[in-house]
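Colleague: Return a 3D structure for these sequence lines:
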Amino acid sequence: MDFLDRIAAEHECAKLVQRYCILVDDYRHEELIALWAPDGLWETWKGPLKGHAEMRAYLDAKAQTDTTIHMAHNIVIDVIDEDNASGVATFTYHGISRDDPKATLPRVVGRYFDRFVRTPDGWKFAHRRTDMTFRAG
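Modeller: Sure thing, here's the model as predicted:
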């Protein structure tokens, strides 16, 4: 794998991390699910979800009333080979009613631990685990 291919893979995987934040906040569930490989694993705070059908059921059951903002930063992607990469990112989560004065304070600060796979449709999440390091009480 040459330098330009490695940089392109890092860029595409980092875009997945950022795109996740936008789509989850906008409740764009079908686009969010499409970020994963069909057999992908998403370890949520409520437990693991394997494949698109389980992810869809989980997202469809969630309330969509909060205003949420996810921010991913300190994103580091390590390309393993031309079809596999791993990454870690720090995230902050703000979510609550818009009228609540505490809405500007993060409710969660943590890390995403990701594995990526290149598919015929481009780079996708193969596995995402979320570590909620700090949670507001």
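Colleague: Which single helix of this structure contains the most residues?
Modeller: Ranked by residue count, the top helix of the chain under DSSP state H comes out as helix 3-25.
Colleague: which parts of it are buried?
Modeller: Residues 6, 9-10, 12-14, 16-17, 19-21, 23-25 are the ones in helix 3-25 that count as buried (16 or more other Cβ atoms under 10 Å). For glycine as for every other residue, the C-beta is placed from the backbone atoms N, C-alpha and C.
Colleague: same thing with stretch 60-77?
Modeller: Those would be 66, 68, 70, 72, 75, 77, for stretch 60-77 by 16+ other Cβ under 10 Å.
Colleague: Return the distance of the residue nearest the centre of the chain relative to Leu32.
Modeller: Centroid-nearest residue in the chain, with Cα atoms, centre = their mean: Tyr20, separated by 4.4 Å. Between Tyr20 and Leu32 the computed distance is 7 Å (Cβ to Cβ, to the nearest Å).
Colleague: how about low-confidence regions in the protein?
Modeller: Counting by pLDDT under 70, the ranges of the chain that qualify are 97-98, 137.
Colleague: Which parts of it are helices?
Modeller: So, for the chain - with DSSP H - the helices run 3-25, 29-33, 51-61.
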